[in-house]
Each structure stands twice: as structure tokens, then as C-alpha cells.
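1. Sequence plus predicted model, see below.
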Amino acid sequence: MSRTATRLAMRPPNMTALALTAGGSRGAYQAGVLQRIGEIPSLAEGPAPFDIITGASAGAINGAALAGYSARLQYGTARLAELWAGLTADRVYRTGLSAMARNALRFAGDAALGRMLGGGRVQALLDAAPLRELLARELPLAGIGQAVAQRRLYALAVTATGYHSGKSYTFIQGRPGHPLWEKSRRIALPATIGVDHVCASAAIPLVFPPVALATGNASAWFGDGAMRLTNPLSPAIRLGAKRVLAIGIRCPDSARALTDAEFAHASASAACLPPRPPLAQICGTFLNALFLDHLDADIDHLERMNDLVAAYGRGADAGPPKHTVAEPMRVVHPLVISPSEDLAVIAADLADRIPASVRFLLETLGTPDARSADLASYLLFDPAYTRALIDIGYRDANARIDEIEAFLRGETADAAAVAR
């Protein structure tokens, strides 16, 4: 038997995965969705119903927490929501004016005089040391190994981006024989997931500093896992998932409304440009491109692949395949839960709760209106905001709770169930 065949034989069939991608404080929305799932009566007192959990960016925090608490779903999801509900800026980054000013001046100095001064003195605007201390204290990381050993969990995968190679690294803690891969832009390595893996995955570029991680016999610097994770469902599928529950952080209706508004403006006055976007709006769009757009595109890609697999199955009797494949293609059923409200609008309404030092920084980057609110929505770590996001996530999951429960029981339709 080949190595691939042996690995496939060891892998449990019909696995369900949870895919979590988020950015900054928007991860609170996922906590709300998971809290409602944890209250499903048939699941509440038992283990988490996910064989595979994958996380990138703030989704790595949620994924590691759920994996560690997987023995008790309701308790674990309630604890996760409690963590987000009590989050304040000073528990995530140093908010003092002196620390902010020192970092900002060093950042500007590196940009303006880095070649003469040697450069490299500062890698980010904010010092995220408090976040590491918080996660080291609150995340039940020892529970991940226990969940794997007791076969409640097949694998936890945390993705981070290598700053030197530019590749997407997925660090996997799972059962013996779990898949690994090395592609042109994606690498999977076995690991015992620790707080540094989670911090690296959640290190928003330019905002939070890089984190050093071991990669076999060497070490390298890593940042936010969303930067190169253009296919956020890929780790779950490569690990063998048959069903993937993905929790997004983009409101489909608001995305369509913005697109319609741009087309309407262009049609109304092709010769008149809108005002130049301030730097804050550009930064917000940049972060949206990292955190929001990939999931929608990956779902579209998965639906096309499912159609292809179904068509191939119908034509399989016409003759044997011309090429031997390492792993047979299969239909993968997705279910996507997305916000029913625009999270950036909520952030704009609460912008005065951002620490004065950070608010000053944002205001120097452009106008503090809704167009620049996307940037604030990733950096607003305040209970009023995170609790609002938890509530929205809870309500969105509650509105589809029967569908979610059926999906987790394996009652999937042939067509993908996607709320978009």
C-alpha cells in the first residue's frame, strides 16, 4: 500500500471542519456565533462537533480556544465569548501616549532615514506584548493535545505568513498520519500549537510586530495568517473535511451596497471624481482585502469544484482516468455564516472609545467618517464594540440554528448552503 493510501486509510471518514478567518477585534463576531452553537441542546453537554478546526488571524485565537475546550462545547464557547466581551485595548496593546509616540517616531524614522541609520528598529506601530500575556494566561493550550490524544479532535491548524519567504505556513497539531503538504506558496508543518503560533497568526501587518516561530531545524519571522491565505478553506479540505462550517466577518449586503454606490456615482457623473480617499480609508481597504474578500472567492471556487466533481462522477463510466491522483477529489459541503450588519458602521458609532493615542493616529491618516471606519473596526478593542459583535453573531446563528444543527449532524444537501 502506498504512503498516500495508508494515510487515507488512517483518516476518519465524513469529518466536519470549522474554518475561522478574522481580523483584529472582528473576531468577537465569531465568538457570538460559536456561543449560540454551544447552546444547541443535543450538543451542549458533549464535545465540540468539529473533527478539524482551522484558524487564521484572530480566527486562530478562537480556534485554539475551542480546540482546548473541546471536551465541553457549551462551557468552552461561553468562556470564549466571555474573553471577547471583557477585552479592552490595554489588554491587547500598550496604549500609553509615551509608548505610542516612541513607536511612531521610530516608525517614521525608519521610513525616512532607515538607510542612513541602519533601519529595522521597529516593525509595527503598536506593542502587542499585553495580548501575548493575555493569551498565555487564558488559552487552554494544554487541552489541544488532550483532545487529539482522546480522539475528540483530528487536527487543529493555525496559519501564519512567513515574512522572508512570503509563503503561507499552516502549523498542524493532530493525530499521527495527518496530511502535510508543500506547494509553491503553501507549506504545512507538524507542531505543538503554542501561544506564539496564535500571536503570529493574529499579528496584523504594520500594526502588530512579527513573531518568531520554529520551522523544523530553523526559525523565521511570521505575521498575520490572512496575508497569503487566499484559499481559507484549503487547510480544512486538505486535512480531509467533508463538511466545512465557515464563519466570515463581512456583511454581504453592505458589500453589495458599496459596489452599487460606486457604479451609481460613475453613471451619474463620469467626468467628476469623488474626493481622494484618505490614507485611513486606503488602510481599511487594504485590511479588508486581507481579511474579508478571500472567503467569498474561495466559496465560489469550491462550488465550481463541486460541480466539476459531480460532472466527473456522471462521466466516470466513459473510461478510466488518464492520470493517477494523489488523493481522489470529493464533494465538500460548505455552510457559511456571515454578519447581518456592517461591523464597520458599528465601529464608526463607537470610535470615541478608541484610546486617545490610537484615535489621534487614525485621525492623522484621514477623515474620521464612515469611509475610514474599516480601519477602526479592526483596532477597536472595547467591551461596547466586542459585545455588540458577539450579540450580532449570536442572533445570526440563532436565525439559522436549525440549519446549523442539521449540517453538524451530517444532513447536507447536494447544493452548498451559503448565506450571501
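-> Perfect, I can see it now.
2. make it CA atoms for all contacts and neighbour counts henceforth
-> Noted.
3. looking at it, His294 is touching Met227, isn't it?
-> No - in terms of C-alpha atoms under 8 Å, His294 does not count as a neighbour of Met227; the distance is 10.0 Å.
4. between these two, which one's more packed in?
-> Met227 (25 against 22; other C-alpha atoms under 10 Å).
5. so what's the more buried one closest to, chain neighbours aside?
-> Once flanking residues are discounted, Met227 sits nearest to Leu290: 5.6 Å by C-alpha to C-alpha, 6 or more residues apart in numbering.
6. do Thr192 as well
-> Leaving aside its chain neighbours, Thr192 sits nearest to Gln173 (5.5 Å; criterion: C-alpha to C-alpha, 6+ apart).
7. Need the phi and psi values for that neighbour.
-> phi -110, psi 110 (degrees, to the nearest 10).
8. Low-confidence ranges, the stretch 101-250 of the chain, go.
-> For the stretch 101-250 of the chain, the stretches flagged by pLDDT under 70 are 101-122.
9. can you give me the strands for this protein?
-> Along the chain, the stretches classed as strands by DSSP state E are 15-22, 52-57, 155-162, 168-174, 186-190, 211-215, 218-223, 241-247, 333-337, 417-418.
10. In JSON lines, list those strands along with distance to Thr285.
-> Formatted as JSON lines, the strands of the chain follow (distance: least, C-alpha to C-alpha, whole Å):
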{"stretch": "strand 15-22", "distance to Thr285": "15"}
{"stretch": "strand 52-57", "distance to Thr285": "17"}
{"stretch": "strand 155-162", "distance to Thr285": "20"}
{"stretch": "strand 168-174", "distance to Thr285": "21"}
{"stretch": "strand 186-190", "distance to Thr285": "25"}
{"stretch": "strand 211-215", "distance to Thr285": "24"}
{"stretch": "strand 218-223", "distance to Thr285": "19"}
{"stretch": "strand 241-247", "distance to Thr285": "20"}
{"stretch": "strand 333-337", "distance to Thr285": "22"}
{"stretch": "strand 417-418", "distance to Thr285": "24"}
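11. For Arg395, which of those is the nearest?
-> Comparing these against Arg395 with C-alpha to C-alpha, the closest turns out to be strand 333-337 (11.0 Å).
12. Show me how far that closest one is from its chain's centre.
-> Centroid separation for strand 333-337 versus its chain: 15 Å, with C-alpha atoms, centre = their mean, to the nearest Å.
13. swap in stretch 160-174?
-> On C-alpha atoms, centre = their mean, the centre of stretch 160-174 falls 14 Å from that of its chain.
14. do stretch 79-98 as well
-> 19 Å.
15. For that stretch, which outside residues touch it?
-> Outside stretch 79-98, the residues within contact range by C-alpha atoms under 8 Å, 6 or more residues apart in numbering are 28, 31-32, 35, 62, 65-66, 100, 126-132, 134, 354-355, 357-358, 380-383, 386-387, 390.
16. coming back round to it: roughly how far does the residue nearest to Thr192 sit from Leu335?
-> 24 Å (C-alpha to C-alpha, to the nearest Å).
17. what's the answer for Ala157, then?
-> For Ala157, the distance to Leu335 - C-alpha to C-alpha - is 19 Å.
18. These two: who's more crowded?
-> Per other C-alpha under 10 Å, whichever of Ala157 and Leu335 has more neighbours is Ala157, with 27 against 21.
19. pretty sure the more buried one contacts Pro235?
-> Yes - counting by C-alpha under 8 Å, Ala157 touches Pro235, with 7.2 Å between them.
20. what residues do the two have in common as contacts?
-> With C-alpha under 8 Å, 6+ apart, Ala157 and Pro235 have common neighbours 54, 170.
21. dump the residue contacts of the spatially closest residue to Ala351 that is not a sequence neighbour.
-> Nearest in space to Ala351, with sequence neighbours left out and distances taken as C-alpha to C-alpha, 6+ apart, is Ala376 at 7.1 Å. Counting by C-alpha under 8 Å, 6+ apart, Ala376 makes contact with 284, 344, 347-348, 351, 362.
22. And the helices in the stretch 1-150 of the chain?
-> Using DSSP state H, counting those that start in this stretch, the helices of the stretch 1-150 of the chain run over residues 3-10, 27-38, 41-44, 58-68, 73-85, 97-117, 129-138, 142-149.
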